[in-house]
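**Student:** Provided below are the primary sequence and the corresponding predicted coordinates.
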Amino acid sequence: MRATASKPRATKPKSKPVAFVYVLGSFHKGRYISYVGWTNDVTLRLEKHNAGTGARSTRGRAWTLLHTEPFTTRNEAMSREWHLKRDRAFRKKLMDGVRAAAMRGLKLGRPGEGRDP
């Protein structure tokens, strides 16, 4: 038998994310709260939430981005958003990180601020 060289397999290029799921956190009126959403542009969406033009439930609060996940389709992102909104344990774990940072003296939820000198 004759040995044949195997052809390299054509690999599908990785798709660029078209949608993202994000989790925001805020300290407002003495309590920590989180918000889950999906978007095509996380930076722009966070700016809208902090400007008071995002979802009604996010208005009047300063938000910090806690978590993002990229997806190749809008449907995948919407499905993950649905699941994250019901995953209280995951959101609580993220918020525990916010609380710990606040205890260390960080002022989260206020863009541009960090540790006090």
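**Tutor:** Done, it's in. Residues are numbered from 1 along each chain as shown.
**Student:** Report how many residues lie close to Arg86.
**Tutor:** 10 (other Cβ atoms under 10 Å). (Each C-beta comes from the backbone N, C-alpha and C, glycine too.)
**Student:** Equivalent analysis for the one 5 residues further on, please.
**Tutor:** Counted with other Cβ under 10 Å, the neighbours of Arg91 add up to 20.
**Student:** Quickly find the element holding it.
**Tutor:** helix 88-103 (DSSP states H and E).
**Student:** which helices and strands sit right next to that helix?
**Tutor:** Counting contacts by 3 or more Cβ pairs under 8 Å, 6 or more residues apart in numbering; DSSP states H and E, helix 88-103 packs against strand 19-28, strand 31-39, strand 64-71.
**Student:** Could you rerun that using 6 Å?
**Tutor:** Contacts defined by 3 or more Cβ pairs under 6 Å, 6 or more residues apart in numbering; DSSP states H and E place helix 88-103 against strand 19-28, strand 31-39.
**Student:** now the first one and strand 64-71, what's the angle there?
**Tutor:** Taking axes from the mean of the first three to the mean of the last three Cα atoms, to 10 degrees, strand 19-28 and strand 64-71 form an angle of 170 degrees between their directions.
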